[in-house]
Structures are given as structure tokens and as C-alpha cells.
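>>> Test case, fold it:
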Amino acid sequence: MRLPFIFQHPAHFIATGAGSGLSPIAPGTAGTLFAGVLYYYAAQQWGESILGLIFVGLVGLGYWSIHQIHKSPYVHELGYDNGAFVIDEIAAFWGVLWLVSPDSANTWGWAFFWFRLFDMLKPWGIRTFERRHLNAHGVMGDDLIAGFYVLLLFALWRWL
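The predicted structure is shown next:
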């Protein structure tokens, strides 16, 4: 995928995370880092409720952008969940950071590590969900489930 692609339609720009998904190495990780940096700066400016609204907006934009690409002829060329589509990682990791509210670089790092691990390995339920939904629900849903697993892990860690 090349840079001009992201400027052909607003959905392309959104789905590729403003181009962060065009990284030739680990685009999902690049998208997750992009989300983390954006969240860090946003958290300095706005309160929890605004950060939550942004999360909801990112999920909505993610569904919309992936759905638009799936309706276009590009889906045959790119595949239904091309690695450059990172809005799912961005939205899900934003939600993790919003709900975990990391107060240190250490907590942020563990959230990042666990999210990437669950997103890549796709433990119980994630791969099944993704395979059953070869559409925007599958693209967005598998990362949201991975984010949910991270939240469960943090809840267990804080409980212990």
C-alpha cells in the first residue's frame, strides 16, 4: 500500500491511522504507539469524560472507515483486514488507556505489552470472533476483545 492511497478517501486516512499503518515494519504496533502518543497528549488537556467520548468516536469512525473500504473495489486488492488498517488498534488501545488510567510509564508499558500480545496471539474467543465476522465487526471486534482481556488482566492484578 502506498501513501497516495490514504488521500483517495477520508475512510482510507482514518483506517490507516493517519498513515501510521503504512509502517513497513509492524504496522499494528506503529498504530498502537500512535494511539498511545495521542492519548498521552490528550490526557494532558482533557478530562476522563472527553477521553471516553473520543474513544466512542474512534470506535464509530473505525467501523465506518472499514465498512467503506469493504464496500469499495479495494477490498479485493487489499484483503478484508489489511495490516495497514490500524484504526482498530488505535481505538482499542485508546479504550484500554482510558479505562486503566496509567499513572506511570511502567503501567503504560505493561498495557502496551499485553495489548500487543493479545492482539497478535488472539487467545480464546478472539480468533473465533474474527473468523466468524469477515467484515468491519471482525476487524474492529477482535481488537476490542483483546483490549477487554487487557482490562481483565489489570483488574485481576489490582485485585491481588
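>>> C-alpha from now on. contacts and neighbour counts both.
OK.
>>> continuing past the helix or strand of the chain with the lowest mean pLDDT, what's the next helix or strand?
For the chain, counting by mean pLDDT, DSSP states H and E, helix 74-78 ranks last in confidence among helices and strands (a mean of 65). Going down the chain from helix 74-78, the next helix or strand is helix 87-100, by DSSP states H and E.
>>> Buried residues, that next one. List them.
87-98, 100 (16 or more other CA atoms under 10 Å).
>>> same deal with stretch 49-56?
For stretch 49-56, by 16+ other CA under 10 Å, it's 51, 54-56.
>>> What's the local residue count around residue 154?
Applying other CA atoms under 10 Å, we find 19 residues neighbouring residue 154.
>>> One more: the one 5 residues further on?
The local packing count at residue 159 equals 7, with neighbours defined by other CA under 10 Å.
>>> what do you get for residue 155?
12.
>>> quick one: pLDDT of residue 6?
Looking at residue 6, its pLDDT is 83.
>>> which stretches of the chain aren't confidently modelled?
1-3, 74-81 (pLDDT under 70).
>>> give me that answer again for 80
The model of the chain has pLDDT under 80 over residues 1-5, 72-81, 134.
>>> Which secondary structure elements does the helix or strand hosting residue 29 sit against?
Residue 29 belongs to helix 27-45 when elements are defined using DSSP H and E. Packing contacts for helix 27-45, counted by 3 or more CA pairs under 8 Å, 6 or more residues apart in numbering; DSSP states H and E, involve helix 87-100, helix 105-121.
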